[in-house]
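Visitor: need a 3D model of the sequence below.
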Amino acid sequence: MKKLVAYITTGFPDLNFTEDAALALKEAGVDTLELGIPFSDPVADGPIIEKANLQSLKNGFVIDDLLEVSSKIAKEIDTLWMGYFNPFYKRGIESFIQEAKEREVSGFIIPDLPFEESLSYKKLFQENSLALIDFVAPTDSRARVKTILQNTQKFIYLVAYAGITGSGKDEDLSPIISDIRATSDTDIFIGFGVNEKTAKNKAKLVDGVIVGSAFVDILLDPNSSSSQKIEKIQTLARNIKEQINE
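Guide: Here you go, the predicted structure:
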């Protein structure tokens, strides 16, 4: 069965809601949760996730909030911390790894950490049984794909197109998927531009999809109550999970 990874922003609209949303998504069939760490300049994310990031920061988000939520949900749903490198560097990768391990978080996604720089941390992650997710883009050469995928963990994050999340672009990914399959037997999950309309098509050649903006867009709706938002993200999750497995 193909997997569904869902992203939500920690602390948006508040911590209690983040916890409730995470557990509701698990109930709706989400396999892995990307718990987003709010950052003021989320360079890989589009305006929807950026807006949620900024609102969470405005509400007073601090890293201890991430730790608090994770301690409550990571035992219930497979949880990854998704964030930009600055907060990890400032607090210390070693500290983050220890705190993740204590809360049973399974790994990190750091989109602005170049592959070459990530190599210095790979051994530390492996020693602590945590994954540092590798990214592959359709612009990567076959030789670079082979280099990136030498020590993959958990799954490969295939970026659907060059650009930011939520753009909805469409590219022929079969060549890069073939290159990945020839190099690694690690599962391939596709992200960027995956929503209810695109999930079925994007999932055809891969093992799972990563959905962020579509969920966060629901959470940004000022006309929906918290319970309505929970119901809507559950419906979206069920629909996408069903579509990718038809």
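Visitor: longest strand in this protein, by residue count?
Guide: strand 3-9 (DSSP state E).
Visitor: tell me the mean pLDDT over it?
Guide: The pLDDT scores in strand 3-9 average 98.
Visitor: swap in stretch 56-72?
Guide: Mean predicted lDDT for stretch 56-72 stands at 96.
Visitor: repeat for stretch 145-157
Guide: Here the average pLDDT along stretch 145-157 is 93.
Visitor: could I get stretch 238-246 in CSV with only the CA atoms?
Guide: This file holds the C-alpha atoms of stretch 238-246, laid out as CSV (Å, rounded to 0.1, in the frame of the first residue of the first chain):
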residue,chain,number,x,y,z
ARG,A,238,-8.8,9.8,3.4
ASN,A,239,-9.5,11.0,-0.1
ILE,A,240,-5.8,11.2,-1.0
LYS,A,241,-5.0,7.9,0.6
GLU,A,242,-7.8,6.2,-1.3
GLN,A,243,-6.8,7.8,-4.6
ILE,A,244,-3.1,6.9,-4.5
ASN,A,245,-4.1,3.3,-3.8
GLU,A,246,-6.7,2.8,-6.5
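Visitor: can you offset everything so residue one is 16?
Guide: Okay, using 16 as the starting number, the last item reads as stretch 253-261.
Visitor: name the residues that touch the longest strand of the chain?
Guide: Applying CB atoms under 8 Å, 6 or more residues apart in numbering, the set of residues contacting strand 18-24 from outside is 33, 36-37, 40, 44-51, 53, 64, 67-68, 71, 95, 97, 170, 202, 204, 206, 222-227, 230-231, 234, 248, 252, 255-256, 259. For every residue, glycine as well, the C-beta is placed using N, CA and C.
Visitor: which among those end up buried?
Guide: Buried subset of those (neighbour count, 16 or more other CB atoms under 10 Å): 33, 36-37, 40, 44-51, 53, 64, 67-68, 71, 95, 97, 170, 204, 206, 222-227, 230-231, 234, 248, 252, 255-256, 259.
Visitor: mind listing which of those are in strands?
Guide: The strands, defined by DSSP E, take in 47-51, 95, 97, 204, 206, 223-226 from the buried ones among the contacts of strand 18-24.
Visitor: can you give me the distance of residue 108 to residue 72?
Guide: Look at residue 108 and residue 72: by CB to CB, to the nearest Å, they are 22 Å apart.
Visitor: cool, and residue 20?
Guide: Taken as CB to CB, the span from residue 20 to residue 72 is 24 Å.
Visitor: more neighbours: which of the two?
Guide: Ranked by neighbour count (other CB atoms under 10 Å), residue 20 and residue 72 place residue 20 first, with 24 against 16.
Visitor: now do the contacts for the most centrally placed residue in the chain.
Guide: Nearest to the geometric centre of the chain sits residue 49, at 4.0 Å (CA atoms, centre = their mean). Shown in contact with residue 49 (CB under 8 Å, 6+ apart): 20-23, 95, 97, 124, 225, 227.
Visitor: which SS state does residue 173 fall under?
Guide: Of the three states, residue 173 takes strand under DSSP: H, G, I helix; E, B strand; the rest coil.
Visitor: before I go, just wanted to say thanks for your time.
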